[in-house]
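Student: sharing a model that was predicted from the sequence below.
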Amino acid sequence: MTEAHHDITIIGGGLAGMTAAIGLAAQGFSVGLIDRAPKGDLTAAKYDGRASALAFATCQMLEALGIWKHMQPYAQPILEIRVTDGPSLMHLHFDHTALGEGPLGNMVENRHTRIALFARLEEMDGIRLYAPDEVTSIERSAGKVTVSLKSGHVLTSSLLLGMDGRNSIVRAHAGIGTSHFKYRQQGIVCSIEHEFSHCGIAHERFLPSGPFAILPLTGNRASLVWTEKEHLVPTIMGLSDRAFEAEVRRRVGDFLGDVKVIGGRWSYPLTLEYADRYTDQRLALLGDAAHGIHPIAGQGLNLGLRDVAAMIEVLADAAHAGLDIGAPDVLDRYARWRHTDNTTLYAVTDILNRLFSNDIAPVRLARDVGLAVVNEIPPLKNFFMAHARGTVGELPKLLKGQRPGS
Ligand SMILES: Cc1cc2nc3c(=O)[nH]c(=O)nc-3n(C[C@H](O)[C@H](O)[C@H](O)COP(=O)(O)OP(=O)(O)OC[C@H]3O[C@@H](n4cnc5c(N)ncnc54)[C@H](O)[C@@H]3O)c2cc1C
């Protein structure tokens, strides 16, 4: 048995967990980071089909934490977003020049973000990675948290952060329930190579089965997130490469010229899941462990990183004031700060998905009129654009691009 003491223990070294470890170490905390995946998987250069739209504010945070320099060569700026409703001529068009402050966000393949996070992790002092490892027990008392691992390590700390994704064992350990909704849809994800430039434009099309997104990657490549009715997914996933490519071409259309599917195809069940509360004695939930939302607005990871930014600020303020970082008041500040933002987003993504995933004529008319109205009213349009850029609400300092300690 090897005992180690850290200020903070994090269970879950996904994109959010690694960012949290880096941000907390930058504030001078010592961090024990546990993941069950082998270190090789966490740094794997293999394309796993996932790419994320990172809002402008999220990119500012990654820059402030010294992570962005490792991923910037792989980032495709999103300059415009075009939202259309099936074949309707009504549309909504967001252009970054309207706000005049850089792109709306960036598209980055998750593998590049993971590699960048790992590179930054290795540059920093104060983080110890326990991976691959399994948590065998978690014990909490008024004064400390003890996490025991299969490898024999026993970690004590003042605070435990549960960042272990949708099926969080930390959440289950704390007895925190969830509200759960299973959409009868799955997300089919693949990448394409195309003949003409995408010009940094992201397209979101609302088809009767659900949203179909064409998201620009570096070069003449794009990531597709194709939301489809659940019962059709096995058939689509079972199509020959040629037949699958033909279905993709039919949906993308010809504006990008010749289109080829590159790499594999993946499907993800889509669920909405949110924790009844974010905190418990010496414990807090962040990222997908606290809230898993529909990918319609490409906001899941952005939300998780906003949790991280808020938590870092709350803990740094507490430590600065000489407070116990695991005290209930400190954790309450985090929970209150994040609750409104997260609840708004999962309500909005849920409503958008329900509103747009059908072909009922009056609903279609109403949403088309809605798109056209928003498109013609600049203040309303700028409001939506600011949301896409992640610059709305009471932002933690990191999301404004302020470096730790500044
Ligand atoms: C199709 C699709 C498209 C998406 N597109 C976008 C997008 O464009 N933009 C966006 O912002 N979001 C997007 N998302 C959402 C985004 O992918 C997630 O919100 C994000 O990956 C969650 O990160 P996380 O670190 O909180 O959790 P996870 O990525 O789930 O990481 C959890 C980590 O915990 C580890 N772990 C789990 N259990 C244990 C355990 N018991 N012990 C130790 N370790 C454990 C896992 O190995 C993993 O490393 C999309 C999601 C889907 C399905």
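Tutor: That came through fine.
Student: please, which helix or strand holds residue 270?
Tutor: strand 259-275 (DSSP states H and E).
Student: for residue 228, same thing?
Tutor: Per DSSP H and E: strand 221-229 holds residue 228.
Student: what is the very next helix or strand once past that strand packed up against?
Tutor: Next in sequence after strand 221-229, counting helices and strands by DSSP H and E, comes helix 233-237. Packing partners of helix 233-237 (3 or more Cβ pairs under 8 Å, 6 or more residues apart in numbering; DSSP states H and E): strand 178-194, strand 259-275. From N, CA and C alone the C-beta is placed, and that goes for glycine too.
Student: partner strands of the first one and their direction?
Tutor: When you say that, I think you mean strand 178-194. Paired neighbours of strand 178-194 in the sheet (DSSP bridges): strand 221-229 (antiparallel), strand 259-275 (antiparallel).
Student: what about residue 126, how many neighbours?
Tutor: Using other Cβ atoms under 10 Å, residue 126 is surrounded by 16 other residues.
Student: residue 32 is in contact with that one, correct?
Tutor: No - in this structure, residue 126 is not within contact of residue 32 by Cβ atoms under 8 Å, at 10.2 Å.
Student: quick check: which of the strands paired with strand 178-194 is nearest to residue 14?
Tutor: strand 259-275 (14.5 Å; Cβ to Cβ).
Student: any part of stretch 232-240 near the ligand?
Tutor: No - contact of stretch 232-240 with the ligand (Cβ under 6 Å from any ligand atom) is absent, the minimum separation being 12.2 Å.
Student: what's the helix or strand for the residue in the stretch 51-200 of the chain that the ligand sits nearest to?
Tutor: Closest contact between the stretch 51-200 of the chain and the ligand, by Cβ to the nearest ligand atom, is at residue 165 (2.7 Å). For residue 165, there is no helix or strand it lies in under DSSP H and E.
Student: ok, it - how many residues close by?
Tutor: 18.
Student: so who does the residue most central in space within the chain touch?
Tutor: In the chain, the centroid-proximal residue (Cα atoms, centre = their mean) is residue 301; its distance is 0.9 Å. Counting by Cβ atoms under 8 Å, 6 or more residues apart in numbering, residue 301 makes contact with 15, 16, 52, 54, 58, 287.
Student: same thing but 6 Å
Tutor: Neighbour list for residue 301: 15, 52 [criterion: Cβ atoms under 6 Å, 6 or more residues apart in numbering].
Student: same check, this time on the one 10 residues further on
Tutor: With Cβ under 6 Å, 6+ apart as the criterion, the residues that contact residue 311 are residue 334.
Student: how about the helix or strand containing it: buried residues?
Tutor: Element membership of residue 311, judged by DSSP H and E, is helix 300-320. For helix 300-320, the buried set under the neighbour-count rule, 16 or more other Cβ atoms under 10 Å, comprises 300-316, 318-319.
Student: will you turn the helices and strands packed on helix 233-237 into CSV that also has distance to the ligand and mean pLDDT?
Tutor: Below are those laid out as CSV (distance: least, Cβ to the nearest ligand atom, whole Å; pLDDT from 0 to 100):
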stretch, distance to the ligand, mean pLDDT
strand 178-194, 3, 90
strand 259-275, 4, 91
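Student: Throw those strands into CSV and include mean neighbour count and distance to residue 325, thanks.
Tutor: Output for these, formatted as CSV (neighbours: other Cβ atoms under 10 Å; distance: least, Cβ to Cβ, whole Å):
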stretch, mean neighbour count, distance to residue 325
strand 178-194, 18, 26
strand 259-275, 17, 21
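Student: nearest to residue 158, out of those strands?
Tutor: Nearest of the helices and strands packed on helix 233-237 (Cβ to Cβ): strand 259-275, 21.4 Å.
Student: number of nearby residues for residue 98?
Tutor: 14.
Student: can you check the pLDDT for it?
Tutor: At residue 98, the model reports a pLDDT of 71.
Student: now it: how far from residue 107?
Tutor: According to Cβ to Cβ, to the nearest Å, residue 98 and residue 107 sit 20 Å apart.
Student: please apply the same query to residue 390.
Tutor: 14 Å.
Student: what's in contact with the host helix or strand of residue 244?
Tutor: Taking DSSP H and E as the criterion, residue 244 maps to helix 241-252. Here helix 241-252 makes contact (Cβ under 6 Å, 6+ apart) with 212, 259, 261.
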